[in-house]
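> Provided below are the primary sequence and the corresponding predicted coordinates.
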Amino acid sequence: MLSLKATKIMLIGLVVNLLVLSSILWAADYSNDSDIAKAIERRLSFDQGINSSNVVVETKEGIAILSGSVDNILASERAIEIAQTIKGVRSVIDMININPVKREDEEIRSDILYAIKLDPIIESLNIDAKVTDGMITLTGTVDSFVQKIMVEKVVKGVKGIKSVDNKIAIIEKLKRSDDEIKADIESRLKGDVLLDSHFINVDVSDGNVKLSGVVGSLRERLRAGYNTQVTGIKSLNTANLEVDLSKRNEMRRMESSIKQSDPDIKKSIEDTLIYDPRVNLYDVKVEVVDHVVTLTGTVDNLNSSQATQNDAINTFGVWSVRNQITVKSELIDDSKLLDNISKALMRDPYLANFDMKIGLLHGKVNLNGAVSSYFNKRRAEYVVSNIKGVVSVQNNLMVKTQEKNTDSIIKENIENIVSWNSYINSDSIKVAVEDSVATLTGSVDNLYESRIAEEIALDGGAKDIINKLEIKHSSDK
């Protein structure tokens with residue numbers, strides 16, 4: 001009888017061969033497996049959330065196979081996501097082993113349930129967790145597919161986890177017709193700033209969604225799948241949504257964002273907010289003037305405010321977003337909230353070893369102290385922002401790295417990441433670095449790409465960013 005490892009390797013070999021023979025087309029511009037593997041390895045080496053020395057990269061006909069080991073489940077998923085953004089990658093096979101810090105199962109379970117309780121979006125859901133040697137099985141009920149995914153995301157933020165088996169059942173409070181679900185998905189695809197919906201077909205049968213057609217990159221296929229997460233969906237199948245890398249540039253949105261009228265932008269954002277469970281319970285107002293979005297209203301948690309802003313940024317035709325949403329959270333005693341924040345940071349697989357100082361007054365948090373990377377600085381703000389009772393976060397964390405690269409190396413790092421990123425047209429972005437501060441000039445297609453460029457600059461080693469990127473057509477009025 002074959003061992004589990006041997007069986008896994010044999011099955012992966014079969015999958016690779018099937019993918020090579022599949023109908024997914026491969027662009028000649030990015031057909032060198034060696035170059036693709038090196039691009040993935042280099043991108044992983046820049047990322048501060050992954051110990052890339054323990055991750056092995058192989059490619060075969062554009063199929064990336066990642067193996068080796070990492071110390072938490074989030075790092076494994078991050079490595080996969082990074083590989084998916086590289087030009088020329090058609091598919092990614094995950095063979096990474098997760099070797100987390102050893103913890104007692106009951107301690108992990110307690111942290112999981114506490115994390116769910118503290119999350120303002122999923123706190124009221126009926127969820128339980130079984131833990132066996134760090135392997136998690138989630139059970140319970142939720143109202144939607146989106147909530148099911150959100151619970152899993154929160155759980156994976158607890159240190160000590162090897163895997164998550166999500167067996168949460170979806171019990172819909174509101175039965176929706178297939179036509180309604182299809183219309184919502186098509187609307188979200190049309191409004192997504194990174195997709196051209198003309199090439200994507202949507203089929204819905206009894207809540208089960210199938211996407212077909214063509215996209216220009218693996219990341220776009222994943223993005224299309226994300227847009228199906230509307231109320232009423234039971235399952236998703238993207239097997240027939242082909243990745244044709246040779247048509248990537250052809251399939252970039254060619255229509256000017258100026259042609260997207262303010263009322264159309266407003267409707268796209270409002271439609272998205274209706275089916276975003278982080279937002280749809282609140283009366284958020286959307287105003288659009290000359291492609292500039294202003295968000296107003298009141299929510300009871302910082303997560304919902306940030307989610308609303310991100311939904312607007314992801315909408316086609318948006319050039320700028322002004323987030324004027326007021327956060328009025330349930331009043332929690334500062335001493336209790338401070339304890340909740342401290343525990344959240346301690347159970348996070350990335351942040352547990354840093355000595356952070358937390359200032360707190362009436363839900364307004366100040367983060368002080370030092371971390372080892374800009375990734376950890378951003379991660380700390382994300383973790384704290386998702387805690388019930390927090391209304392704002394001032395991130396004063398200092399980044400103390402063991403080595404400092406020269407300006408020329410930082411510039412080269414940023415340019416290399418940009419050149420291989422499947423979302424960005426590298427020819428239209430210029431990078432200058434002085435005293436470790438990166439200045440980005442040129443143009444991008446949309447606000448979302450501008451944000452991606454900023455993240456890339458930080459990952460490339462910049463300590464700060466001056467973003468002078470212009471949104472194409474924004475000055476052509």
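Thanks, I have it.
> neighbours around Lys404, how many?
10 (other C-beta atoms under 10 Å). In this view, the C-beta of every residue, glycine as well, is placed from N, C-alpha and C.
> kindly report the same for the one 3 residues further on.
Asp407 has 16 neighbours, counted by other C-beta under 10 Å.
> show me where the protein has helices.
Along the chain, the segments classed as helices by DSSP state H run 4-20, 33-46, 73-84, 105-118, 145-155, 178-191, 218-226, 248-251, 262-274, 302-313, 334-347, 374-385, 407-420, 447-459.
> okay, buried residues for stretch 401-411 please.
Asn405, Asp407, Ile410, Lys411 (16 or more other C-beta atoms under 10 Å).
> next one: stretch 126-135
Result for stretch 126-135 [16+ other C-beta under 10 Å]: buried residues Ile127, Ala129, Val131, Gly134.
> what do you get for stretch 39-53?
Ala39, Ile40, Arg42, Arg43, Leu44, Phe46, Asp47, Gln48, Gly49, Ile50, Asn51, Ser52.
> per-residue pLDDT, the third one?
pLDDT, the model's per-residue confidence, is 92 for Arg42.
> do you know how far Glu186 is from Asp334?
47 Å (C-beta to C-beta, to the nearest Å).
> now do Ala115
Counting by C-beta to C-beta, the gap from Ala115 to Asp334 is 21 Å.
> looking at the two, which one has more neighbours?
Ala115 (25 against 14).
> list the contacts of that one.
Val154, Val155, Gly157, Val158, Ala344, Arg347 (C-beta atoms under 8 Å, 6 or more residues apart in numbering).
> circling back to that earlier point, can you put the buried residues of stretch 39-53 in TSV and add distance to Phe145?
Putting those into TSV (distance: C-beta to C-beta, whole Å) gives the following:
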residue	distance to Phe145
Ala39	33
Ile40	30
Arg42	36
Arg43	30
Leu44	30
Phe46	33
Asp47	29
Gln48	32
Gly49	27
Ile50	28
Asn51	33
Ser52	33
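> out of those residues, which is nearest to Arg90?
Nearest to Arg90 out of those is Ile40 (C-beta to C-beta; 12.8 Å).
> now stretch 370-384: mean pLDDT?
The model assigns stretch 370-384 a mean pLDDT of 92.
> next, the buried residues of it.
Under 16+ other C-beta under 10 Å, the buried positions of stretch 370-384 are 371, 373-384.
> do the same with stretch 156-165
Buried-residue list, stretch 156-165, by 16+ other C-beta under 10 Å: Lys156, Gly157, Val158, Lys159, Gly160, Ile161, Lys162, Val164.
> and stretch 447-457, by the same measure?
Leu447, Tyr448, Glu449, Ser450, Arg451, Ile452, Ala453, Glu454, Ile456, Ala457.
> okay, these in JSON lines with pLDDT and distance to Val209 next?
Formatted as JSON lines, those follow (pLDDT from 0 to 100; distance: C-beta to C-beta, whole Å):
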{"residue": "Leu447", "pLDDT": "87", "distance to Val209": "28"}
{"residue": "Tyr448", "pLDDT": "85", "distance to Val209": "23"}
{"residue": "Glu449", "pLDDT": "88", "distance to Val209": "27"}
{"residue": "Ser450", "pLDDT": "91", "distance to Val209": "30"}
{"residue": "Arg451", "pLDDT": "89", "distance to Val209": "28"}
{"residue": "Ile452", "pLDDT": "89", "distance to Val209": "27"}
{"residue": "Ala453", "pLDDT": "92", "distance to Val209": "32"}
{"residue": "Glu454", "pLDDT": "92", "distance to Val209": "33"}
{"residue": "Ile456", "pLDDT": "90", "distance to Val209": "32"}
{"residue": "Ala457", "pLDDT": "92", "distance to Val209": "36"}
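> how about the residue nearest to Val55 when sequence neighbours are not counted, what does it touch?
Counting by C-beta to C-beta, 6 or more residues apart in numbering, Val55 lies nearest to Gly68, which is 4.4 Å off, once chain neighbours are set aside. Counting by C-beta under 8 Å, 6+ apart, Gly68 makes contact with Asn54, Val55, Val56, Ile96, Asn97.
> now Leu458
With contacts defined as C-beta under 8 Å, 6+ apart, Leu458 is in contact with Tyr374, Phe375, Arg378, Ile465.
> and the furthest pair within these?
Taking C-beta to C-beta, no two of these sit farther apart than Phe375 and Ile465, at 14.6 Å.
> residue ranges of each domain in the chain, please.
Following automatic domain parsing, the chain resolves into domains at 4-98, 105-170, 178-251, 257-327, 334-399, 407-471.
> hey, least reliable of these by pLDDT?
domain 4-98 (a mean of 79).
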